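**Student:** Predicted model follows, preceded by the sequence.
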2 protein chains.
Amino acid sequence: MRMSELSRRSGTSVTTIKYYIREGLLPPGRQTAATQAEYDEQHLRRLRLIRALVGVRGLSVSAARDVLNALAEQTGDTHVVLGLALGAIRLAEEPAADSPETAEVDDLVKELGWNVHEAAPARAALAETLTSLRTLGAPLHWRTLLPYAHLAEQTASVDLDQLDGIEDPLELAERALLLTVLLEPALLALRRMAQENESARRHGEH
Amino acid sequence: MRMSELSRRSGTSVTTIKYYIREGLLPPGRQTAATQAEYDEQHLRRLRLIRALVGVRGLSVSAARDVLNALAEQTGDTHVVLGLALGAIRLAEEPAADSPETAEVDDLVKELGWNVHEAAPARAALAETLTSLRTLGAPLHWRTLLPYAHLAEQTASVDLDQLDGIEDPLELAERALLLTVLLEPALLALRRMAQENESARRHGEH
DNA sequence: TAATCTGGATAGTAGAGATATCCAATTCTA
DNA sequence: TAGAATTGGATATCTCTACTATCCAGATTA
């Protein structure tokens, strides 16, 4: 298909598609002449994925590029694929100065007995939140996070159940990405609704 | 205290503080002369809260203003305060065209028996994610979300437990805000780590 | 009193994420 | 096959957000 069809079927303007190609989010089409190129279903699929990551999840264009590139290169086993999908987000963060909270996160992970990479960005994200809360005068002891962590364990188990039975490595990788990244706003939305419901149940006059 | 002290103690430049005052995120100081004003601990506290919302959570300045204003106006009971804190995020979204997924979300909420406001932005967020997944050719039936929803219920319960015993309405409101909004990246980080761990347990060679 | 600091106003900056315009080559349409 | 429309690619321009810098008259400090 030509660029105009790609544009029409994806609901993205031609200029925006050109921009994504320039930025390396979308591979260029297969050149058929000096000023003609051909695009296929892969391009359409990838373009829709970009719009979902950028639009729904709010990823930056450069973060989306990192994720997609990691995805395209990887055809290994589930564990590696998933790890890549996870790690690619916020990859470009600075290592973050060692706060006292880094040690707290270590304690938490140790207590849980989790097998988590030492350099996982999630560790830093967690430490940063704890630091913020302390600075705000509302410090949270890491033990307070234990119930949340156990719920996260169960959530992760549900996540991986959904990947069971997918054979094709590429499909597996993409599915893992969708489940991890795209489902995040949905999970937060569920939490908000559950909070509203629970709050009404405990204190409300509904 | 003067602006320079406010700046020093908050780690925020004077010009940025002025910018926040202009934008209505921070109330102006108490004027003591034509070119002098006085700031207090409330200002410092609020400023730190702003930095946390904008920096850690990545809220836009206008979203942070909406949240903080809702917080400042509210001194009612837990339920109302929490509802405000929840609703204020993504408040300025357009109502979002009625997709087929809106009905799916209704089904989900009905099945769960949750008491959730009809216009809650979380409903739209959830519908949007489902729409994205369908567009990407990886549709997710709302029943698939049920296990996640039950985990969200338990998470919300832990959330509200933490607010128990706080008497001061202002403190309650602020704490609710922190728990809801600021804890979000931490919960996602826990999920990522749990995924990595579970993936290693199931498929890994670690 | 002189140097510094203050709040407030206005203007300017940097980066992200597109958009718009131009061009020569190519392809559709009549 | 002529002429209009479209294409890919390059470059320039735009809009928005979140700051940042400068200026100034009045206030404070040394």
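**Tutor:** Cool, got the structure. Numbering: from 1, shown residues only, chains lettered A, B, ... in the order given.

**Student:** which residues of chain A fall in strands?
**Tutor:** For chain A, strands defined by DSSP state E occupy the ranges A:30-33, A:36-38.

**Student:** Tell me which other helices or strands the last one touches.
**Tutor:** What that stands for is strand A:36-38. Strand A:36-38 sits against strand A:30-33, with contacts defined as 3 or more C-beta pairs under 8 Å, 6 or more residues apart in numbering or on different chains; DSSP states H and E. Backbone N, C-alpha and C define where each C-beta goes, glycine included.

**Student:** as a whole number, average confidence for the longest helix along chain A?
**Tutor:** Taking DSSP state H as the criterion, chain A has its longest helix at helix A:184-203. When pLDDT is averaged over helix A:184-203, the result is 90.

**Student:** can you tell me the distance between the two ends of stretch A:45-63?
**Tutor:** Stretch A:45-63 stretches 18 Å from its first residue to its last (C-alpha to C-alpha, to the nearest Å).

**Student:** what's that stretch in contact with?
**Tutor:** With contacts defined as C-beta atoms under 8 Å, 6 or more residues apart in numbering or on different chains, stretch A:45-63 is touched by A:6, A:10-12, A:17, A:20, A:23, A:25-27, A:64, A:67-68, A:88-92, A:174, A:177-178, A:181-182, A:184-185, B:128-129, B:132, B:135-137.

**Student:** Repeat that for stretch A:104-116.
**Tutor:** Applying C-beta under 8 Å, 6+ apart, the contact partners of stretch A:104-116 are A:122-123, A:126-127, A:130, A:142, A:145-146, A:149, A:153, B:193-194, B:196-197, B:200-201, B:204, B:206.

**Student:** The residues you listed, buried ones only, as a PyMOL selection?
**Tutor:** The buried residues among the contacts of stretch A:104-116 can be selected in PyMOL (16 or more other C-beta atoms under 10 Å in any protein chain shown) with this line:
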select buried, (chain A and resi 122+123+126+127+130+142+145+149+153) or (chain B and resi 193+194+196+197+200+204)
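
**Student:** Separate out the buried members of the contacts of stretch A:45-63.
**Tutor:** Of the contacts of stretch A:45-63, these count as buried by 16+ other C-beta under 10 Å: A:6, A:10, A:12, A:17, A:20, A:25-26, A:64, A:67-68, A:88-90, A:174, A:177-178, A:181-182, A:184-185, B:128-129, B:132, B:135-136.

**Student:** Of these, which fall within the contact range of DNA strand D?
**Tutor:** When C-beta under 7 Å from any atom of the strand is applied, no member of the buried ones among the contacts of stretch A:45-63 is adjacent to DNA strand D.

**Student:** one step back: switch the strands of chain A over to CSV, and while doing so, append mean neighbour count, mean pLDDT and distance to DNA strand D to every line.
**Tutor:** Listed next are the strands of chain A as CSV, based on neighbours: other C-beta atoms under 10 Å in any protein chain shown; pLDDT from 0 to 100; distance: least, C-beta to the nearest atom of the strand, whole Å:
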stretch, mean neighbour count, mean pLDDT, distance to DNA strand D
strand A:30-33, 10, 90, 5
strand A:36-38, 13, 93, 4
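
**Student:** nearest to B:Glu73, of those strands?
**Tutor:** With C-beta to C-beta as the criterion, B:Glu73 lies closest to strand A:36-38 of these, at 56.0 Å.

**Student:** Tell me the strands beside the closest one, with direction?
**Tutor:** When pairing is defined by DSSP bridges, strand A:36-38 lines up against strand A:30-33 (antiparallel).

**Student:** who's in contact with A:Ser7?
**Tutor:** Applying C-beta under 8 Å, 6+ apart, we find A:Ser7 in contact with A:Ser13, A:Val14, A:Ile17.
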